[in-house]
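# just coords:
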């Protein structure tokens, strides 16, 4: 349940970008993004567009591994005072090009693979959710109401549990070390059939889908769970049962 097809993800990269740029006419891109206070809206949009182009270039050149040197998504200091009229077509162009190349390659081809999985499939998912989450950042900065299709939101939550959690353990071992050997966290969507258990009882996290008793459980609408694990909102207002300290520790130490 809640697993969009490869073609749906290709289309959703464009759709999420279109939803984003529709809010940018006459926007002040110099405002701070509350959820990422080091960035202005101008820099957030450049970050997203460069992320699209990074994935695009690796797929077009069929690189056998990820080339992090090509990623300009965090080189943002020079982007000041750009008008929306410049960024809107640039964002649209990047999203369309990425969707196009995803349609030209074999989804199962080992291009820029991630953790041993075929790059086209992983990057189609990664850039869908990268765009959806950063659309929330932009909307929050602009005061625009946000909504997200529940099938996409389920997949966003699935990707966070299956990719972000193990990635955090690999990328920041000293930060995530306090989680090892602790307990289990159950994420339970109340509006769709989506439940995930993150097991921290071993040296490395293990993720299972389905319902089971856990050290701590958090329940709420799937979009609100997505925003909570991405640290875009607190868990206040969601239902929390059990070891709140473990939940807070996970949300503090796992970043993506």
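Thanks, I have it. Keep in mind it's a predicted model, so treat the numbers as computed, not measured.

# Give me the mean pLDDT for the helix or strand where residue 126 lies.
Residue 126 is part of helix 119-142, with elements assigned from DSSP states H and E. Taken as a whole, helix 119-142 has a mean pLDDT of 98.

# Quick check: next helix or strand after that helix?
Heading C-terminal from helix 119-142 (DSSP H and E), you reach helix 150-159.

# What is the subsequent helix or strand relative to that next one?
helix 165-171.

# Can you name every helix or strand that that following helix contacts?
In terms of contacts (3 or more C-beta pairs under 8 Å, 6 or more residues apart in numbering; DSSP states H and E), helix 165-171 is packed against helix 173-176. (Glycine included, C-beta is placed from N, CA and C.)

# average pLDDT across the following helix or strand past the helix it packs on?
Later in the chain than helix 173-176, the nearest helix or strand by DSSP H and E is strand 184-189. Average pLDDT, strand 184-189: 98.

# relative to helix 150-159, how tilted is the helix holding residue 126?
110 degrees (axes from the mean of the first three to the mean of the last three C-alpha atoms, to 10 degrees).

# Pull the residues that contact the host helix or strand of residue 251.
Secondary structure from DSSP H and E places residue 251 in helix 244-253. Residues outside helix 244-253 that contact it (C-beta atoms under 8 Å, 6 or more residues apart in numbering) are 168, 172, 175-176, 178-179, 182-183, 185, 198, 200, 215-216, 218, 228-229, 231, 235, 240.

# which residues make contact with the lowest-mean-pLDDT helix or strand in the chain from outside it?
Least confident helix or strand, the chain: helix 165-171 with a mean of 93, by mean pLDDT, DSSP states H and E. Outside helix 165-171, the residues that touch it by C-beta under 8 Å, 6+ apart are 115, 175-176, 179, 198, 204-205, 207, 253-256.

# any chance of those residues in JSON lines, plus neighbour count, pLDDT and distance to residue 151?
Shown next, in JSON lines, are the contacts of helix 165-171 (neighbours: other C-beta atoms under 10 Å; pLDDT from 0 to 100; distance: C-beta to C-beta, whole Å):
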{"residue": "115", "neighbour count": "10", "pLDDT": "84", "distance to residue 151": "24"}
{"residue": "175", "neighbour count": "14", "pLDDT": "96", "distance to residue 151": "32"}
{"residue": "176", "neighbour count": "23", "pLDDT": "97", "distance to residue 151": "30"}
{"residue": "179", "neighbour count": "22", "pLDDT": "98", "distance to residue 151": "29"}
{"residue": "198", "neighbour count": "23", "pLDDT": "98", "distance to residue 151": "21"}
{"residue": "204", "neighbour count": "12", "pLDDT": "94", "distance to residue 151": "29"}
{"residue": "205", "neighbour count": "22", "pLDDT": "97", "distance to residue 151": "25"}
{"residue": "207", "neighbour count": "17", "pLDDT": "97", "distance to residue 151": "19"}
{"residue": "253", "neighbour count": "17", "pLDDT": "96", "distance to residue 151": "29"}
{"residue": "254", "neighbour count": "26", "pLDDT": "95", "distance to residue 151": "24"}
{"residue": "255", "neighbour count": "14", "pLDDT": "87", "distance to residue 151": "25"}
{"residue": "256", "neighbour count": "17", "pLDDT": "82", "distance to residue 151": "20"}
